[in-house]
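[1] generate coordinates for the sequence data below:
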Amino acid sequence: MSWLKKRRRKKLRQRPFPPQWQDILEGTVWLYRYLPPPDRQELHGHIHVFLAEKRFEGARGLTITDEVKLAIAAQACLLLLHRETNYYPGLYSIVVYPHSYLARQRERDEVGTVREGVQPRSGESWSRGVVVLAWDAVAAGASGDLGCHNVVLHEFAHQLDYEDGVAEGSPALPSRDMYRSWSRVLGEEYRQLRLAVVQARATLLDKYGATSPAEFFAVVTEYFFMCPRSLKARHPELYEELTLYYKQDPAALVPR
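    Numbers count the residues shown, from 1 in each chain. You can find the predicted model right below:
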């Protein structure tokens, strides 16, 4: 990263955070209400950088308001607290639909047959350039109305996963030891979730996480922030690995 970019970002992080923006976050982002003051201040700085560097585009007539931008930026930047970050370097544009949208899908079955069709979606994350979100799902997840589900946290976890070049459920980690521990714990938890799906057993984690290691990481990121006490109680080793990666302990902040 160039020294000019570092200097520009430092100046952005030092900007005052408008009181009206803070009011918007208080009213729209459930997790924001429980952040201690130092975390809020750090988050405000990250939001300034994020809004300066990412382009927001409204689709199907959606107007991009401060509420739209701040709800998305705050949750995306929540994943960056307490860590060195390059602010999702592969991401340039966030496209926001008013409601779920139809996206083309290609699937290969067990015998290799490729099937094409369309599927309704509330979000998707591309390896380069774009995150697509449905505003109604963003707002409902931000307020906590969807329980453990949060489309912004899910799609931006994918962006973190892409940062090491491959989306395989393991973002760039700070040490070789952590890669070993991550592989052991998340690999076993993923295996257990897939087994539960096959055996039709009830699970805390959304069974969509059994689709692939990449989806598993995105799903457990949602649960780590939105249902941290449940995740810690039911999957303590998994919770600990996420605590080490995100350098946060949301179970100590949010109410039951």
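
[2] drop to CA atoms for contacts and neighbour counts, all remaining ones
    Fine.

[3] which SS class is the residue most central in space within the chain?
    What sits nearest the mean C-alpha location of the chain, by CA atoms, centre = their mean, is residue 153, with 2.2 Å. Three-state call for residue 153 (DSSP: H, G, I helix; E, B strand; the rest coil): helix.

[4] which residues touch it?
    75, 76, 79, 218, 221, 222 (CA atoms under 8 Å, 6 or more residues apart in numbering).

[5] mind listing which of those are in helices?
    Using DSSP state H, the members of these that fall in helices are 75, 76, 218, 221, 222.

[6] roughly how far does the second one sit from residue 70?
    With the distance defined as CA to CA, to the nearest Å, residue 76 ends up 10 Å from residue 70.

[7] more neighbours: the two, which one.
    It is residue 76, of residue 76 and residue 70, that has more neighbours when counted by other CA atoms under 10 Å, with 24 against 21.

[8] mind listing the strands for the stretch 51-200 of the chain?
    Under the criterion DSSP state E, counting those that start in this stretch, strands of the stretch 51-200 of the chain are mapped to 55-58, 91-97, 101-108, 114-121, 123-125, 129-134.

[9] nearest to residue 23, of the ones you listed?
    Of all the strands of the stretch 51-200 of the chain, it is strand 55-58 that lies closest to residue 23, at 20.9 Å by CA to CA.

[10] and the closest one, which residues are buried?
    Within strand 55-58, the residues that count as buried by 16 or more other CA atoms under 10 Å are 56, 58.

[11] list the contacts of the residue nearest to residue 55 when sequence neighbours are not counted.
    Leaving aside its sequence neighbours, residue 55 sits nearest to residue 93 (CA to CA, 6 or more residues apart in numbering; 4.7 Å). Residue 93 makes contacts with 54, 55, 56, 57, 129, 130, 131, as judged by CA under 8 Å, 6+ apart.

[12] distance to residue 255 and pLDDT added to these, as a markdown table?
    Converted to a markdown table, the contacts of residue 93 look like this (distance: CA to CA, whole Å; pLDDT from 0 to 100):
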| residue | distance to residue 255 | pLDDT |
| --- | --- | --- |
| 54 | 32 | 98 |
| 55 | 34 | 98 |
| 56 | 32 | 98 |
| 57 | 35 | 97 |
| 129 | 36 | 89 |
| 130 | 34 | 95 |
| 131 | 30 | 97 |
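
[13] mind putting the ones in helices among the contacts of residue 153 into TSV with pLDDT and distance to residue 185?
    Listed next are the ones in helices among the contacts of residue 153 as TSV, based on pLDDT from 0 to 100; distance: CA to CA, whole Å:
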residue	pLDDT	distance to residue 185
75	98	26
76	98	25
218	98	15
221	98	14
222	98	17
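
[14] closest one of the residues you listed to residue 194?
    Among those, residue 218 lies closest to residue 194 (CA to CA), at 15.3 Å.

[15] burial count for that closest one?
    Around residue 218 there are 27 residues (other CA under 10 Å).

[16] can you pull out the helices in the stretch 151-256 of the chain?
    151-162, 176-198, 213-226, 228-234, 236-246 (DSSP state H, counting those that start in this stretch).

[17] of these, which approaches residue 207 most closely?
    Closest to residue 207 of the helices of the stretch 151-256 of the chain, according to CA to CA: helix 176-198, at 6.6 Å.

[18] quick one: buried residues of stretch 212-223?
    In stretch 212-223, counting by 16+ other CA under 10 Å, buried: 213, 214, 215, 216, 217, 218, 219, 220, 221, 222, 223.

[19] if I look at the first one, how far off is residue 188?
    If I follow you right, that is residue 213. Residue 213 sits 11 Å away from residue 188, going by CA to CA.
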